[in-house]
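Visitor: I need the structure of the sequence given here:
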Amino acid sequence: MGWLSWFRMNEVNDFADSLAKTLAKRYPPVIDVNPEKKVSENRLTRVLDEAFTEAAEFQRNHKLGFYGKAKLGAEFKWKLKELGYSDKFIEVATEGLMVYITRGGARSGSGQS
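Guide: Presented below is the predicted three-dimensional model:
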């Protein structure tokens, strides 16, 4: 891995950290792990969708290849774990992130022309 690749992976690490922290502000881990505190499914979907949209934009701007996408997913997963989210939430959020950035974030209900 060359110097430039190392630099790009630091950008991926920094972005994963920022994305996890932004998510934590909108859906704090304390809410995730407390069964008495419920968040509506719609709100959680909006929060995740916004995070995934930001990640798709990052992916498009940085043209992440297979390794870059995998690195982003792994770093995001570890950041969520460090923040204290439940394993179930981490699994769902990371899987959603990977699907979203792999598909380029293009989600339109109007079909493709």
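Visitor: from here on, contacts and neighbour counts on C-alpha atoms
Guide: Noted.
Visitor: so which helix or strand takes in residue 23?
Guide: Taking DSSP states H and E as the definition, one finds residue 23 inside helix 3-26.
Visitor: what's that helix packed up against?
Guide: helix 41-62, helix 66-83 (3 or more Cα pairs under 8 Å, 6 or more residues apart in numbering; DSSP states H and E).
Visitor: now the angle from the following helix or strand past the last one to helix 41-62?
Guide: Think helix 66-83. Once the chain leaves helix 66-83, the next helix or strand it forms, by DSSP H and E, is helix 87-102. Taking axes from the mean of the first three to the mean of the last three Cα atoms, to 10 degrees, helix 87-102 and helix 41-62 form an angle of 40 degrees between their directions.
Visitor: before we move on, back to that, in CSV, list the helices and strands packed on helix 3-26 along with mean neighbour count, distance to residue 8 and mean pLDDT.
Guide: CSV is the format used below for these (neighbours: other Cα atoms under 10 Å; distance: least, Cα to Cα, whole Å; pLDDT from 0 to 100):
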stretch, mean neighbour count, distance to residue 8, mean pLDDT
helix 41-62, 15, 8, 93
helix 66-83, 18, 8, 95
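Visitor: could the ones you listed go into JSON lines alongside distance to residue 25?
Guide: Shown next, in JSON lines, are the helices and strands packed on helix 3-26 (distance: least, Cα to Cα, whole Å):
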{"stretch": "helix 41-62", "distance to residue 25": "10"}
{"stretch": "helix 66-83", "distance to residue 25": "11"}
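Visitor: The ones you listed: which one's closest to residue 10?
Guide: helix 66-83 (10.1 Å; Cα to Cα).
Visitor: picking that back up, out of the helices and strands packed on helix 3-26, nearest to residue 33?
Guide: Per Cα to Cα, nearest to residue 33 of the helices and strands packed on helix 3-26: helix 66-83, 11.2 Å.
Visitor: distance between that closest one and the chain's centre?
Guide: Relative to its chain's centre, helix 66-83 lies at 8 Å (Cα atoms, centre = their mean, to the nearest Å).
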